[in-house]
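>>> compute the structure for the input listed below.
(one chain, ligands or ions: 2)
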Amino acid sequence: MREHIIPVVDVGLLRDRDPLGSREAARQIGQACKDIGFFYVRNHGIADGVISDTFRQAEAFFSLPLAEKMKFSMERHSRCFRGYAPVLSELADGKRNSYELMEFSVEFDDEHPDVVAGKPMHGPNLWPSLPGYRAAIMRYVASMNELGFDLMRGIAMSLSLPEDFFYDAFNERSFWQFRTTHYPEPKSVRQMAEYAPQSGPVSEIEIGDYSCGAHTDYGCLTILLANNPGLQVRNRDGEWFDAPAIPGAYICNIGDMLQYWTGNLFVATLHRVLTNQSRISLPFFFQPDYETVVQPFGGVTDIRLEDFPPLKYGPYAFEKYKGIYPNCCVA
Ligand SMILES: O=C(O)CCC(=O)C(=O)O
Ligand SMILES: [Fe+2]
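Numbering: from 1, shown residues only. Ligands and ions are numbered 1, 2, ... in the order given. The predicted structure is shown next:
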């Protein structure tokens, strides 16, 4: 496996809105987005307790008996991709991933007009009653949204756009998604497969060679923490390399929307996971509003605009989610 150095960017001054420090962080982030589509951020300002509570609650849930976890099954109880998916239920690269996960997104109760109207991906999260669980996850999500908008401010600066370009384009909110993911030790996966989809589309699909198969993310920016190594990234020459977990730093990567928005100037890089030990990761997907229409902004040169017709984020994400969770009932 080749080595590749993913840059580590100190974002302390960006978060403090220091003009010069913001500019320097923005420059480094912009360069990384063009070169490899991945960067680490340190001095991110997320309190240790917010992070440790989230890991602790994620572990507490995954430690429950399978039958208990299935009470929150996405396939059985959600029409908008929220809740628990056991090992081997989610797809990447056309194969089944080995991990179990809990998926959350923006909360809409059943009476919300968009839910009543049947708008895709809009609905309630499924919350286990573990003490402190929901509060810890929501505190984490709130912190990630703030970090996400600050990083997008840096990205806007790096592209010579108004600082609030993405905040405005997101209609001042993100259609975030957050996952807690548990990769069991490989020898445990088969034992845990009792509730993996036995019927429907996924049952026919083979198990992947990787713990998580190669894919790009759909939104703008993924902000990830993991308690063990395993993440691998493919560079522009098609070579895979390890992206180790750096203590105290988040690893961020560009998603499809930012590649599209920049007319392919930034790269949504393929990545995958290979781990032989138990691993918990917390990917936070910072995404445009469901209604946001994405098209290369003025100033992007060397592209044919007809190659980039206006693309509405929500329906794009909906198609992708139907592809990775084909057993989830959405109608
Ligand atoms: O678990 C990881 O390190 C990465 C997971 C990932 O790429 C994803 O959920 O999109
Ligand atoms: Fe990913």
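
>>> now tell me which helix or strand of the chain has the poorest mean pLDDT.
Sorting the helices and strands of the chain by mean pLDDT, DSSP states H and E puts helix 186-189 at the bottom, at a mean of 92.

>>> going by neighbour count, list what's buried in that helix.
Val189 (16 or more other CB atoms under 10 Å). Glycine gets a C-beta too; all of them are placed from N, C-alpha and C.

>>> try stretch 275-289
Neighbour-count burial for stretch 275-289 [16+ other CB under 10 Å]: Thr275, Arg279, Ile280, Ser281, Leu282, Pro283, Phe284, Phe285, Phe286, Gln287, Pro288, Asp289.

>>> with stretch 11-25 instead?
Val11, Leu13, Leu14, Arg15, Gly21, Ser22, Ala25.

>>> confirm for me that the last one is in contact with Asp16.
So the one you mean is Ala25. No. Contact status for Ala25 versus Asp16: not in contact, 10.3 Å apart, counting by CB atoms under 8 Å.

>>> still on that earlier bit, so which of the buried residues of stretch 275-289 sit within strands?
Among the buried residues of stretch 275-289, the ones falling in strands (DSSP state E) are Arg279, Ile280, Ser281, Leu282, Pro283, Phe284, Phe285, Phe286.

>>> report pLDDT for the second one.
Yep, that's Ile280 we're talking about. At Ile280, the pLDDT value in this model is 98.

>>> now do the fifth one
The confidence metric pLDDT takes the value 98 at Pro283.

>>> ok now do the closest residue to it other than its chain neighbours, which residues does it touch?
Sequence neighbours aside, Leu224 is the residue nearest to Pro283 in space, at 4.7 Å (criterion: CB to CB, 6 or more residues apart in numbering). The contact partners of Leu224, by CB atoms under 8 Å, 6 or more residues apart in numbering, come to Leu231, Tyr250, Ile251, Cys252, Asn253, Ser281, Leu282, Pro283, Phe284.

>>> now Gly132. Its backbone dihedrals?
phi 80, psi 0 (degrees, to the nearest 10).

>>> let me know the pLDDT of the closest residue to it other than its chain neighbours.
With CB to CB, 6+ apart as the criterion, Gly132 has its nearest non-adjacent residue at 6.5 Å, and that residue is Gln57. pLDDT for Gln57: 98.

>>> quick check on Gln57: phi, psi?
Torsion angles, degrees, to the nearest 10, at Gln57: phi -70, psi -40.

>>> surely it is in contact with Leu130?
Yes. With contact defined as CB under 8 Å, Gln57 reaches Leu130; the gap is 6.6 Å.

>>> show me where the stretch 151-300 of the chain has strands.
177-183, 212-215, 221-226, 231-234, 240-242, 250-254, 271-273, 279-286, 293-294 (DSSP state E, counting those that start in this stretch).

>>> can you map out the helices along the protein?
Using DSSP state H, the helices of the chain run over 12-15, 19-35, 48-62, 66-69, 74-77, 113-116, 133-158, 165-169, 186-189, 256-261, 313-324.

>>> circling back to that earlier point, quick one: the residue nearest to Pro283 from ligand 1, how far?
6 Å (CB to the nearest ligand atom, to the nearest Å).

>>> tell me how many other residues crowd Leu225.
Leu225 has 20 neighbours, counted by other CB atoms under 10 Å.

>>> OK, contacts around it?
Counting by CB under 8 Å, 6+ apart, Leu225 has contacts Ile51, Phe55, Ala245, Tyr250, Ile251, Ser281, Leu282.

>>> I'd guessed the last one sits against Gln177; true?
Pointing back at Leu282 there. No. Leu282 is beyond contact range of Gln177, at 11.9 Å (criterion: CB under 8 Å).
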